[in-house]
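A.B. asks: Kindly return the folded structure for what I paste below:
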Amino acid sequence: VQLVESGGGLVQPGGSLRLSCSASGFTLDYYATGWFRQPPGKEREGVSCISGGGGSTFYSDSAKGRFTISTDNAKNTVYLQMNTLKPEDTAVYYCASSNRCGSSVNVWGQGTQVTVSS
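C.D. replies: Got it, this is the predicted structure:
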């Protein structure tokens, strides 16, 4: 049972990145998948979540209108499309699987670094 994130990197302010969260050992769509981030020197915070089956999505205030969470069941992968990135979006981004959005996490990914800088 494993989650692997990819897609992080260095991007200029105003740019876009798409993060991927691929699961192995279990079916991602049976559970909720959340994206979290931990900025330098700060605590980890929730960014977005999609419920099992994709019926509901949730976003933090900072992500609303700029980030979109989605799933590709054929690839057993959840994506986080991030647009109009700001320097304050710089963080390590983690995906996580839980029984439902807001419940305790069952599986964490290892994280991927996103740096927004000119």
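
A.B. asks: CA only for contacts and neighbour counts going forward, please
C.D. replies: OK.

A.B. asks: now the strands: where do they sit in this structure?
C.D. replies: Here the chain has its strands, by DSSP state E, at 2-6, 9-11, 17-24, 32-38, 45-50, 57-59, 67-72, 77-82, 91-98, 105-108, 112-116.

A.B. asks: could you check the angle strand 67-72 makes with the fifth one?
C.D. replies: With axes from the mean of the first three to the mean of the last three CA atoms, to 10 degrees as the criterion, the two stretches strand 45-50 and strand 67-72 enclose an angle of 40 degrees.

A.B. asks: now do the last one
C.D. replies: Relative orientation of strand 112-116 with respect to strand 67-72: 150 degrees, computed using the same axes, to 10 degrees.

A.B. asks: How much space separates the residue most central in space within the chain from A63?
C.D. replies: Centroid-nearest residue in the chain, with CA atoms, centre = their mean: W35, separated by 2.9 Å. Relative to A63, W35 is positioned 11 Å away (CA to CA, to the nearest Å).

A.B. asks: ok, now V78?
C.D. replies: Counting by CA to CA - V78 and A63 are separated by 16 Å.

A.B. asks: Give me the more crowded residue out of those two.
C.D. replies: V78 (25 against 17; other CA atoms under 10 Å).
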